[in-house]
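Chemist: no sequence on this one, just coordinates:
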């Protein structure tokens, strides 16, 4: 069983960048595909990125493609989400998640979740 802890959120001006981190422990990190989701107030949790166990393939929804980059360092048991050109509508709590084998794009496909990190983008 893997535990996940996100960090790197904060307050940033529109147009800025952030790199979120997801530190994993308690399991073999490379055995898990990883995803990032976000949840804004009053909205459902939505998928923003996923990466395979090896890091060789990633997937994004069209809404963030070109601005979000997911990556991972299995040697450091850490995953990352780089966000560029931040917009106020990116304001949300960002969660990392893990699941065995294949990547997924739905909340119910992931077995393990972090507690989230807040990203706030000011106009």
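Modeler: Thanks, I have it. A quick note: this is a predicted structure, and the numbers were derived from the prediction, not measured. Numbers count the residues shown, from 1 in each chain.
Chemist: Apart from its chain neighbours, what residue comes closest to residue 99?
Modeler: residue 110 (4.7 Å; C-beta to C-beta, 6 or more residues apart in numbering). Bear in mind the C-beta positions are built from the backbone N, C-alpha and C, glycine included.
Chemist: what's the answer for residue 6, then?
Modeler: residue 117 (4.1 Å).
Chemist: re earlier: what is the burial count for the residue nearest to residue 99?
Modeler: Per other C-beta atoms under 10 Å, the neighbour tally for residue 110 reads 23.
Chemist: how far away is it from residue 94?
Modeler: Separation of residue 110 from residue 94 (C-beta to C-beta, to the nearest Å) stands at 14 Å.
Chemist: Check residue 70 too.
Modeler: Residue 70 sits 12 Å away from residue 94, taking C-beta to C-beta as the criterion.
Chemist: what do the two both touch?
Modeler: Residues touching both residue 70 and residue 94 (C-beta atoms under 8 Å, 6 or more residues apart in numbering) are 36, 81.
Chemist: Beta-bridge partners for the residue positioned nearest the centre of the chain, please?
Modeler: Geometric centre of the chain, nearest residue: residue 36, 2.5 Å, by C-alpha atoms, centre = their mean. Judged by DSSP bridges, the bridge partners of residue 36 are residue 49, residue 96.
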